[in-house]
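Q: Any chance you could fold what I've pasted below:
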Amino acid sequence: MQIGILAHPRRQESIPIAREVAAIVAARGLPLWMRETWAEEDIPPLMPDTQMLVAIGGDGAMLRAARLGAPHAVPVFGLNAGYLGFLTEANPEDWETCLDRILEGKHWIESRLMITGEVWRAGERIYRQDALNDVVVSRGAAAHLIRLDSYVENDWITSYNADGLIIATPTGSTAYALAVGGPILPPDLNNILMIPVAPHLSMERPVVLSQGVMLRLVVPKQSRAECVVSVDGRDAVPLEIGDEVRVYACQHRGLFVRLQGRNYFFRSLMDRMEPRFLPRHPLERPNGEQPNSI
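A: The predicted model follows:
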């Protein structure tokens, strides 16, 4: 097993952690490569012989690593050195134990839907990027509503007047989409979520689309505000009247190495969204634990 180790390219504090992780991997006699400062274009040549990526940082690091690994079907193991770390699997101090469990085969690979976002202008594709979280069309610097006509394949759904429109994967349903009141989709689903941001006199409910469809968003002539599209928070591609944003399921999957149980998702989510109080009913207490006193 060759392991690639990625320190956070903009967080110097992740470099000592990466070096410690590399030392533990080397002590196990495993081939490895490590990058302390890097750009996304630097990594793909290293991927064909790599069996696992170790990403050090928070959820941003996990998104970046997942996009790098997906085209080569390389899974990512995340060590949390960030703030939230919802997508990460362990803390850096646990790495040695985690590596032993992985080498013993006591892990599983989680597969998550990714989506592809494209921008088409006058019949020509001018932009394409894959996302693990979301594709967002939003207003520019001016505080004006944008207008977007939405279609599933060639069938018109509705026109939105809003600050923006989020097209999210199940992974992205717990990110920006959750912040604007969207539903939580379990990560094993393959549906695409569409939710407007601050809609005004237009459709305000989230829409969950069937897997396999293509969503098309067109900037109509009635739109007078500047709008841009971003993919996983990257770039900010300006859109013009008549431009079309296409979003569909990516041919690659985001893969993650997991040591937690297969139903970890909701407990992990709740631990971050609310204080953890054990069930009060005796039959509901896990392992006979007593409830917290308040």
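Q: what residues does the helix or strand that contains residue 271 touch?
A: Secondary structure from DSSP states H and E places residue 271 in helix 264-273. Outside of helix 264-273, the residues within contact range by CB atoms under 8 Å, 6 or more residues apart in numbering are 84, 86, 174, 184, 186, 187, 258, 260, 276. C-betas here are computed from N, CA, C, even on glycine.
Q: and what of stretch 115-133?
A: 63, 66-67, 70, 112, 114, 134-135, 167-169, 171-172, 175-176, 192, 229, 231-235, 237, 239-240, 242-252, 254.
Q: Could you turn the buried ones of those residues into a PyMOL selection?
A: Of these, the buried ones go into a single PyMOL selection, burial set by 16 or more other CB atoms under 10 Å:
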select buried, resi 63+66+67+70+112+114+134+135+167+168+169+171+172+175+176+192+229+231+232+237+239+243+244+245+246+247+248+249+250+252+254
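Q: Among the contacts of stretch 115-133, which lie within helices?
A: 63, 66, 67, 176 (DSSP state H).
Q: C-alpha coordinates for stretch 79-93, CSV please?
A: Provided in CSV are the C-alpha atoms of stretch 79-93 (Å, rounded to 0.1, in the frame of the first residue of the first chain):
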residue,chain,number,x,y,z
LEU,A,79,-7.2,13.7,10.1
ASN,A,80,-8.9,16.6,11.7
ALA,A,81,-6.6,19.6,12.2
GLY,A,82,-9.4,22.2,11.4
TYR,A,83,-12.4,23.7,13.1
LEU,A,84,-15.3,21.4,12.3
GLY,A,85,-13.9,18.3,10.6
PHE,A,86,-17.3,16.8,9.8
LEU,A,87,-15.8,14.7,6.9
THR,A,88,-12.7,13.7,8.7
GLU,A,89,-12.3,10.3,10.5
ALA,A,90,-9.9,10.8,13.4
ASN,A,91,-7.6,13.1,15.2
PRO,A,92,-3.8,13.2,14.4
GLU,A,93,-2.8,11.7,17.8
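Q: what does it rub up against?
A: Outside stretch 79-93, the residues that reach it (CB under 8 Å, 6+ apart) are 8, 11, 13-14, 17, 20-21, 54-63, 77-78, 95, 98, 171, 174, 256-260, 268-269, 272.
Q: Retrieve the pLDDT associated with residue 61.
A: The model reports residue 61 with a pLDDT of 91.
Q: roughly how far apart are it and residue 241?
A: Going from residue 61 to residue 241 by CB to CB, to the nearest Å gives 37 Å.
Q: out of these two, which sits in the more crowded spot?
A: residue 61 (27 against 11; other CB atoms under 10 Å).
Q: Would you mind giving both backbone torsions of the more buried one?
A: Phi and psi for residue 61, reported as degrees, to the nearest 10, are phi -60, psi -40.
Q: Would you agree it is in contact with residue 6?
A: Yes - contact criterion CB atoms under 8 Å: residue 61 and residue 6 qualify, at 7.1 Å.
Q: list residues touching both of those two?
A: What both residue 61 and residue 6 touch, as defined by CB under 8 Å, 6+ apart, is the set residue 55.
Q: re earlier: can I get the helix holding residue 271 in CSV, CA atoms only?
A: Listed next in CSV are the C-alpha coordinates belonging to helix 264-273 (Å, rounded to 0.1, in the frame of the first residue of the first chain):
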residue,chain,number,x,y,z
TYR,A,264,-22.0,6.8,12.0
PHE,A,265,-23.4,9.7,10.0
PHE,A,266,-26.4,10.8,12.1
ARG,A,267,-24.6,10.5,15.5
SER,A,268,-21.6,12.5,14.0
LEU,A,269,-24.0,15.1,12.7
MET,A,270,-25.9,15.5,16.0
ASP,A,271,-22.7,15.8,18.0
ARG,A,272,-21.9,18.9,16.0
MET,A,273,-25.3,20.4,15.9
